[in-house]
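Enquirer: Pasted the sequence and its predicted model underneath.
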Amino acid sequence: MNTAVQLLFRRSLPSLPWTRQVRAGLLPLFAAHLRLSSTGLFLLPSALSLRLPPDPFALPAAINACAALPNSLPVGRQLHAISLVSGISADPFISTSLVHMYLKCAALPDAHRVFDETPQRSVAVWSAMIAGNAARGRASEAFQLLDQMRSSGTQPNLITFNGLLVGLNRSGRPDKTLPLLQRMHSEGFELDSVAVSSALSAAGDLEDVTAGCQIHGYANKTRLEAYASVASALLDMYGKCSRAEEMLRVFDALASPDVASRSALLAGLSRNGRVDDALAAFAEFRAQGAELNVVCWNSMVACCSQNGKDMEALELFRQMQSAGEEPNAVTIPCLLPACGNVAALMHGKSAHCFSLRQGIIVDVYVASSLVDMYAKCGRITDARVVFDAMPKRNVVTWNAIIGGYAMHGLANDAIEMFVSMKRHRQKPDTVTFICLLSACSQAGLTEEGEHFFDEMQNEHGIDAAVVHYACIVSLLGRAGRLDEAHELIRKMRNEADSCVWGALLSACRVHGNVALAEVATKRLFELEPTNAGNYVLLSNIYASKGMLDEVERVREMMNAMGVKKNPGCSWIEIRNKVHMLLAGDKSHPQMSNISEKLERLGAEMKRLGYRPSINLVFQDVEEQDKEYILCGHSEKLAVALGLVSTPAGTSLRVIKNLRICGDCHATIKFISMVEGREILVRDTNRYHQFKGGSCSCGDYW
DNA sequence: GTAGGGTTAG
């Protein structure tokens, strides 16, 4: 269609006489086409070069096309110049669309200049100014303009107010939306579907379910509920206010739900943790052949990647493409967390290529999620390359790179980036300091960590949250200052949670402090009685001290509580395919090769004097079996699979869902030496880079 | 025949 229209213009325009009729017939078509398609801007220069006579009827539409399409400010300026030289710039329609266009393109001074130079200010040009200023985050200017408008004798209408409402919502000021709605109501405006949709959207953002219900009542009374935009805004509001049941009731009552309503429902279910319901609803929509769009697909991909269903997210993305739904700039940040979680580097790379091809790499969300993905996939250098190439960054971007360095144990790089961040005048937030402090604690930079903890509170006015305390506890703990760490927990203003006590417990394991470990676990068993990790850690500490009766006691306690150990799970990507290995699982088709490889390595290690750490085995079985269980740990299986499936010398990347076990750590160090391989293992905390028999964590984790 | 306001995904 677009190409056809283009050809029509190319062929017919030069030969047509420029009669009033031709203009009248073609220009609106041209303008409508501009507004609809990204090829519009391609058409515009050719139309200009045809010496298209400036037309006060067509210019506004062309100017609006510039407002709607990205990167078209230069063309918009050109159209502005044309209106100036042809003496029609004072036309109220033209100046209104110019104001609108400049505000949409973030050229505020230009918008204000055009507005100031408009002698006869229509309601429309005032409305454009007010809406545009509000949407650009200049709420107080917008309200001032509204007052000026009135005192200059022009009365605002419903469109003026609605524009202000929408602008306030968009610029993150939903708190100002509801009072404005009240004011409109008391000034006697009959609210329409736009006003009600915006109000619902604000109520949702504020999680103000009382206001939301009131507006719902109003919409019901006035029959505005029947409007599609009101329906989807209602679903969105209930979803954001954690009223999933009410949301489902609204959806079921819809006579004919549209795509936006379906999308709002899917997003709402996902947001409320009802992942399976969202997947079921999505499957049902597909089975019905109901219309779905890229927003629905993106919601579902995000739903999976945010809820531990990473493989499902990758699969949905594949299905999305085979269903002919073109991914967009939002799809990438929905998908990439899943790639990062399971280290699906090839999928992540292809998303990177896609972003380059589509020109969406300049989107700060897209590039930030790429930085994060590369870091999580063990490619910190690639993360840095993407970071350096970004034209614009935000706090999330900086946090991604600092957190990436932290995860790789590269604390000095993390600190360097933090310094650079401040030089770029980017304000750090609470996440920045979590990344920075954990970098210091991973690398044992105790003094630096303490310094940043003070800097956070004194220079940046950020209150220490519980997670920051947890970082400091591991920092002190790593340095062996366990009593200080314990003291800090006692002095904390906030209530210490399981992260804080867990950090202390981990430090106790490293330094073999049984007494303090018992203090920490006492609290942990109260705070999270069903977390198997705490029992296992305590048992490991006892085991390392040979306190086998205590080990037995912990196991009994765990059984009594009905706590089951989380199955260990590792992922490795081999030639585009992500393989998942569960501890003790024999189902992988390559299992005989894996076992054979592990046996051969085990024999070699024993010959060199290595003894398997059978005391780390938690299960109550014979010694022989303990050794066998250790060999079945998922990270060993994944490494062995990598060894037998890739050429010698290739580096391997394994992701694990739990903390790496001591025996596996020792074994993989050994493997990295005898096999001459670099092996990266990411556990819940960080990357371990095994090379030539040692690990980048310095045996502290 | 032309201008100003619409809901859903990161």
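Expert: Perfect, thanks for sending it.

Enquirer: Could you count how many residues lie near residue A:147?
Expert: Residues lying near residue A:147 (other CB atoms under 10 Å) number 9. Heads up, the C-betas are built off the backbone N, CA and C, glycines and all.

Enquirer: near DNA strand B, anything from the host helix or strand of it?
Expert: Using DSSP states H and E, residue A:147 sits in helix A:139-151. No - Helix A:139-151 does not reach DNA strand B (CB under 7 Å from any atom of the strand); its nearest approach is 10.2 Å.

Enquirer: can you give me the angle the helix or strand following that helix makes with helix A:139-151?
Expert: Using DSSP H and E, the next helix or strand after helix A:139-151 towards the C-terminus is helix A:158-170. If you take axes from the mean of the first three to the mean of the last three CA atoms, to 10 degrees, helix A:158-170 sits at 170 degrees to helix A:139-151.

Enquirer: So what touches the following helix or strand past helix A:158-170?
Expert: With elements assigned by DSSP H and E, the helix or strand that comes after helix A:158-170 is helix A:177-186. Applying CB atoms under 8 Å, 6 or more residues apart in numbering, the contact partners of helix A:177-186 are A:158, A:161, A:164-165, A:168-169, A:191, A:195, A:198-199, A:202-203, A:206, A:208, A:211.

Enquirer: again, but for stretch A:594-613
Expert: A:588, A:626-627, A:630-631, A:636-637, A:640-641, A:643-644, A:662-663, A:666-667, A:670-671, A:674.

Enquirer: buried ones in that stretch?
Expert: The neighbour-count check on stretch A:594-613 (16 or more other CB atoms under 10 Å) flags A:594, A:597, A:598, A:601, A:602, A:605, A:612, A:613 as buried.

Enquirer: per-residue confidence averaged over it?
Expert: The pLDDT scores in stretch A:594-613 average 86.

Enquirer: cool, and stretch A:234-250?
Expert: The predicted model assigns stretch A:234-250 a mean pLDDT of 96.

Enquirer: circling back to that earlier point, going by distance to DNA strand B, which of the buried residues of stretch A:594-613 wins?
Expert: residue A:594 (36.6 Å; CB to the nearest atom of the strand).

Enquirer: what about the closest residue to residue A:242 other than its chain neighbours, how many residues close to it?
Expert: Distance criterion CB to CB, 6 or more residues apart in numbering; nearest residue to residue A:242, sequence neighbours excluded, is residue A:272 at 6.0 Å. For residue A:272, the count of nearby residues is 19 (other CB under 10 Å).

Enquirer: Likewise for the one 3 residues further on?
Expert: Applying the criterion other CB under 10 Å, we find 18 residues in the vicinity of residue A:275.

Enquirer: can you check residue A:249 too?
Expert: Neighbours of residue A:249 (other CB under 10 Å): 11.

Enquirer: Need the three-state assignment for residue A:655.
Expert: Here residue A:655 takes the strand state, with states given by DSSP: H, G, I helix; E, B strand; the rest coil.

Enquirer: Do I have it right that it meets residue A:568?
Expert: No - Residue A:655 is beyond contact range of residue A:568, at 11.6 Å (criterion: CB atoms under 8 Å).

Enquirer: Which residue of those two possesses the greater neighbour count?
Expert: residue A:655 (28 against 23).

Enquirer: remind me which residues of chain A are low pLDDT?
Expert: Applying pLDDT under 70 to chain A picks out residues A:1-53, A:618, A:620.

Enquirer: swap the cut-off to 80 and go again
Expert: Along chain A, the model assigns pLDDT under 80 to residues A:1-55, A:58, A:70-71, A:609-631, A:700-701.

Enquirer: circling back to that earlier point, going through the contacts of helix A:177-186, which ones are buried?
Expert: A:161, A:164-165, A:168-169, A:191, A:195, A:198-199, A:202-203, A:206, A:208, A:211.

Enquirer: which of those residues lies closest to residue A:99?
Expert: If you rank the buried ones among the contacts of helix A:177-186 by distance to residue A:99 using CB to CB, residue A:164 comes first, at 14.8 Å.

Enquirer: which residues touch that closest one?
Expert: Per CB under 8 Å, 6+ apart, neighbours of residue A:164: A:130, A:131, A:134, A:142, A:143, A:146, A:180.

Enquirer: Give me the domain ranges for chain A.
Expert: A:416-561, A:572-695 (automatic domain parsing).

Enquirer: Would you mind giving these as TSV with distance to residue A:317 added?
Expert: Formatted as TSV, those follow (distance: least, CB to CB, whole Å):
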stretch	distance to residue A:317
domain A:416-561	26
domain A:572-695	13
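
Enquirer: want to try CSV for those domains, with distance to DNA strand B as columns?
Expert: Compiled in CSV, these are given as follows (distance: least, CB to the nearest atom of the strand, whole Å):
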stretch, distance to DNA strand B
domain A:416-561, 14
domain A:572-695, 21
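
Enquirer: packing partners for the helix or strand encompassing residue A:489?
Expert: Element membership for residue A:489 (DSSP H and E) is helix A:482-491. Applying 3 or more CB pairs under 8 Å, 6 or more residues apart in numbering; DSSP states H and E, one finds that helix A:482-491 makes contact with helix A:466-478, helix A:498-511, helix A:514-527.

Enquirer: any chance you could map the strands in the stretch 601-701 of chain A?
Expert: Under the criterion DSSP state E, counting those that start in this stretch, the stretch 601-701 of chain A contains strands at A:652-656, A:679-682, A:687-691, A:694-695.

Enquirer: Name the stretch among the ones you listed that sits most buried.
Expert: strand A:652-656 (a mean of 26; mean count of other CB atoms under 10 Å).

Enquirer: counting contacts, what elements does that one pack onto?
Expert: Using 3+ CB pairs under 8 Å, 6+ apart as the contact test, the elements touching strand A:652-656 are strand A:569-574, helix A:634-645, strand A:679-682.

Enquirer: who does it pair up with?
Expert: strand A:569-574 (antiparallel), strand A:679-682 (parallel) (DSSP bridges).

Enquirer: a helix runs through residue A:579, doesn't it?
Expert: No - going by three-state DSSP, the assignment for residue A:579 is strand, not a helix.

Enquirer: wait, doesn't it sit right on residue A:585?
Expert: No - the pair residue A:579 / residue A:585 is not scored as a contact, 11.2 Å apart, by CB under 8 Å.
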